[in-house]
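Peer 1: turn this into a model:
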Amino acid sequence: MLVKYEPVGPNGEWILTDQRTILYTAPQYTEEELLEMNGMWKAQGYYPKREFYEPDEIELASPTPDYRNLLQWEPAVLTDENGVAEITFEASDVNTEFIGIIETVDGTGLIGAQSFSFRVYR
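Peer 2: Predicted coordinates for the structure are as follows:
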């Protein structure tokens, strides 16, 4: 049963009327506004598998400079019993600072992320 409340009593007190609806007068927010107000965001989603270019040993030995901006993509990394994994990769020939981003999802659906930076000098 729905009941309508209206402030019609003394001193602005709310009293019950016989009408059968609820009057909601609070502000209406969009999903984006609610997320921003609460310091939250929506994950863009994760791709289970995606192919990225990775040079082989012959291409790495070539005199042609390697200007990749994505150095490594590992869609499925398993950790040891201590939660540690090691990933090796070849850096590009761009003399700059790179930002590494690690994003993870465990077997129970928990997500995590970490970023780091490193500089390449050639």
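Peer 1: low pLDDT regions in the chain?
Peer 2: Along the chain, the parts satisfying pLDDT under 70 run over 1-25, 44-50.
Peer 1: now the helices for it?
Peer 2: Taking DSSP state H, the helices of the chain run over residues 31-37, 57-61.
Peer 1: quick one: closest of these to residue 74.
Peer 2: Nearest to residue 74, of all the helices of the chain, is helix 57-61, at 18.1 Å by Cβ to Cβ. (Each C-beta comes from the backbone N, C-alpha and C, glycine too.)
Peer 1: outside of stretch 59-68, which residues touch it?
Peer 2: Under the contact criterion Cβ atoms under 8 Å, 6 or more residues apart in numbering, stretch 59-68 has outside partners 53, 55, 90, 92-94.
Peer 1: turn the helices of the chain into TSV, columns for mean neighbour count and distance to residue 84.
Peer 2: As requested, those are arranged in TSV below (neighbours: other Cβ atoms under 10 Å; distance: least, Cβ to Cβ, whole Å):
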stretch	mean neighbour count	distance to residue 84
helix 31-37	10	33
helix 57-61	9	27
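Peer 1: in a markdown table: these, plus distance to residue 119.
Peer 2: Shown next, in a markdown table, are the helices of the chain (distance: least, Cβ to Cβ, whole Å):
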| stretch | distance to residue 119 |
| --- | --- |
| helix 31-37 | 34 |
| helix 57-61 | 20 |
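Peer 1: before we move on, the earlier item: neighbour-wise, which of the contacts of stretch 59-68 leads?
Peer 2: Counting neighbours by other Cβ atoms under 10 Å, residue 92 leads those with 18 neighbours.
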